[in-house]
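Novice: just coords:
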Ligand code: SAM
């Protein structure tokens with residue numbers, strides 16, 4: 001192996017993109033422009049990094065695998081618009097990049113084992129972000145983009161759609177990666193809402209209600225929410241307690257969370 005060859009590591013979720021057509025299609029969907037603030041999570045050996053930099057954007061990248069640092073530096077360190085942060089994206093303080101509000105464009109072919117916690121970590125900083133483009137397991141993208149009424153609609157769909165609009169852009173087969181993953185993948189665009197369409201009085205209570213409701217998704221709301229709200233309180237939120245959680249839309253979950261917030265606020 002030459003000095004800069006790297007063997008893909010499973011524990012870091014390393015599936016490197018090698019299909020030039022797919023890489024080009026992703027870069028076209030992102031459409032980075034000169035002067036924009038981009039953040040790439042998990043640049044790997046730089047399959048997307050190269051195209052992002054050539055757009056003229058300012059690019060910070062976060063890579064966990066120390067062994068990839070010399071490879072990335074060898075390829076890109078000469079460029080003043082490139083900044084490499086070696087570390088865990090799940091622990092990264094996005095404020096440290098000091099982006100203007102709603103300016104940061106986040107991209108990544110994400111390690112599938114950390115994609116959900118990472119999306120939640122980013123949503124805690126939604127005010128900094130303009131948009132996010134991710135390669136994820138196709139099944140996860142289907143859950144993100146789901147609509148009420150089906151089996152894909154759940155905690156992930158609701159909490160992400162509370163903050164963002166979601167677009168399932170296109171699917172990518174295993175052959176585009178080296179090594180090929182066992183699952184199909186897809187590209188998703190998440191765009192934080194400029195104004196929340198259904199703001200909750202306390203979004204932590206929304207998380208509580210949603211988690212509790214979907215703990216047992218086959219049961220009625222009256223049953224699953226017993227510990228939080230009585231049947232009368234559910235009705236007072238204009239929600240039919242005989243429904244199952246997957247039948248409720250985001251607005252209805254927010255009404256339940258607000259009902260809970262009112263009960264917790266002394267009159
Ligand atoms: N972007 C490259 C590509 O498309 O070829 C690599 C994608 S690979 C699926 C995921 C990358 O994320 C790997 O380089 C891996 O080392 C890195 N990674 C894994 N866990 C990470 C974490 N917690 N924080 C930052 N990077 C991580």
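Specialist: Arrived safely, thanks for sending. Everything quoted here is computed from the prediction, not taken from an experiment. Numbering: from 1, shown residues only.

Novice: Can you pull the poorly scored residue ranges out of the stretch 1-150 of the chain?
Specialist: When residues are selected by pLDDT under 70, those of the stretch 1-150 of the chain lie in 1-4.

Novice: how does it look with 80?
Specialist: Scanning the stretch 1-150 of the chain for pLDDT under 80 picks out 1-5.

Novice: Around the ligand, which positions in it sit nearby?
Specialist: 12-17, 41-44, 47-48, 62-65, 68, 88-90, 109, 111, 114 (CB under 6 Å from any ligand atom). For every residue, glycine as well, the C-beta is placed using N, CA and C.

Novice: What's the ChimeraX line that selects buried ones from those residues?
Specialist: Applying 16 or more other CB atoms under 10 Å to these, the buried members can be selected in ChimeraX as follows:
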select :12,13,14,15,17,41,42,43,44,47,48,62,63,64,65,68,89,109,111,114
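
Novice: wait, isn't residue 156 in contact with residue 145?
Specialist: No. Taking CB atoms under 8 Å as the definition, residue 156 is not a contact partner of residue 145, at 10.3 Å.

Novice: So which of the residues of the stretch 1-150 of the chain next to the ligand sit within helices?
Specialist: Assigned to helices by DSSP state H, none of those qualify.

Novice: So which of the residues of the stretch 1-150 of the chain next to the ligand are in strands?
Specialist: Among those, the members found in strands (DSSP state E) are 16-17, 41, 62-63, 109.

Novice: nearest to residue 241, of those?
Specialist: Using CB to CB, residue 41 is the member of these that sits closest to residue 241, with 41.0 Å.

Novice: residues in contact with that closest one?
Specialist: 61-62, 89, 106-108, 110, 118 (CB atoms under 8 Å, 6 or more residues apart in numbering).

Novice: Give the bridge partners for it, please.
Specialist: residue 62 (DSSP bridges).

Novice: Quick check: residue 101 touching residue 128?
Specialist: Yes. Shown here, residue 101 and residue 128 form a contact pair, counting by CB under 8 Å, at 6.6 Å.

Novice: Please name the nearest non-neighbouring residue to residue 223.
Specialist: Leaving out its chain neighbours, the residue that sits closest to residue 223 by CB to CB, 6 or more residues apart in numbering is residue 216, at 7.4 Å.

Novice: The one you found and the ligand, how far apart?
Specialist: Separation of residue 216 from the ligand (CB to the nearest ligand atom, to the nearest Å) stands at 31 Å.

Novice: and if you look at residue 260?
Specialist: For residue 260 relative to the ligand (CB to the nearest ligand atom), the value is 34 Å.

Novice: Helix, strand, or coil at that residue?
Specialist: Per DSSP: H, G, I helix; E, B strand; the rest coil, the local secondary structure of residue 260 is helix.

Novice: residues contacting the residue nearest the centre of the chain?
Specialist: For the chain, residue 119 is the residue whose C-alpha lies nearest the centre (CA atoms, centre = their mean; 3.1 Å). Residues near residue 119 by CB under 8 Å, 6+ apart: 132, 134, 156, 160, 190.

Novice: from these, which is closest to residue 5?
Specialist: Nearest to residue 5 among the contacts of residue 119 is residue 134, at 27.0 Å by CB to CB.

Novice: and that closest one, what element?
Specialist: Using DSSP states H and E, residue 134 falls within strand 129-137.

Novice: Which positions within that strand qualify as buried?
Specialist: 129-137.

Novice: Tell me which two of those residues sit farthest apart.
Specialist: Farthest-apart pair in these is 130 and 137; separation 24.2 Å (CB to CB).

Novice: For the stretch 51-200 of the chain, which segments count as strands?
Specialist: Taking DSSP state E, counting those that start in this stretch as the criterion, the stretch 51-200 of the chain carries its strands at 58-63, 82-86, 104-109, 129-137, 164-172, 177-178, 185-192.

Novice: who touches residue 221 in this structure?
Specialist: Counting by CB under 8 Å, 6+ apart, residue 221 touches 213, 234, 239-245, 248, 256.

Novice: Out of those, which sit inside helices?
Specialist: Reading helices off these with DSSP H, I get 213, 234, 256.

Novice: quick one: contacts for the nearest residue to residue 215 once chain neighbours are set aside?
Specialist: Spatial nearest neighbour of residue 215, excluding adjacent residues (CB to CB, 6+ apart): residue 224 at 6.3 Å. Going by CB under 8 Å, 6+ apart, residue 224 touches 212-216, 245.
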